[in-house]
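# Build me a model:
(one chain, ligands or ions: 1)
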Amino acid sequence: MRVRLLPLERCEVCVGAGFIQGIFHRMACAGCNGGGFVKQDGTALDYPQLVEQLRLRLAMSGAERKRLQQVLERAGLKPVEGAASGYQGNNKKGAGGAHFTGD
Ligand SMILES: [Zn+2]
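Numbering: from 1, shown residues only. Down below sits the predicted model:
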């Protein structure tokens, strides 16, 4: 089965958040089934279709992030900054050139 990316609009009931703040607790938005997106006619996607569409967008977002990271690396810019950089790859500071984080 081929999954097709549907054009979606932001849910105007929850303004894309996917939930509504009730009096006592947060509730999943009934206008979009908690997804934050609706079909172009303004109706909510049913759950299997919603999961499918969000999964496609997540995969696209991950691929885009990876592509942008490669562009930054090719340009000589370091995309990973701060404490996280100590955990990426091998810093060769350990015994025999092994990775060492010190914690
Ligand atoms: Zn909504």
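
# Check which helix or strand the residue nearest the centre of the chain maps to.
Residue closest to the average C-alpha location in the chain (Cα atoms, centre = their mean): residue 58, at 5.2 Å. With secondary structure defined by DSSP states H and E, residue 58 is part of helix 47-74.

# Tell me how far the residue nearest to the centre of the chain lies from residue 73.
23 Å (Cβ to Cβ, to the nearest Å). For glycine as for every other residue, the C-beta is placed from the backbone atoms N, C-alpha and C.

# that older thread, packing partners of the helix holding residue 58?
Under the contact criterion of 3 or more Cβ pairs under 8 Å, 6 or more residues apart in numbering; DSSP states H and E, helix 47-74 touches strand 37-39.

# ok, residues contacting the strand it packs on?
With contacts defined as Cβ atoms under 8 Å, 6 or more residues apart in numbering, strand 37-39 is touched by 6, 8-12, 16, 31-32, 44-45, 50, 53-54.

# Report the separation between the two terminal residues of stretch 21-36.
14 Å (Cα to Cα, to the nearest Å).
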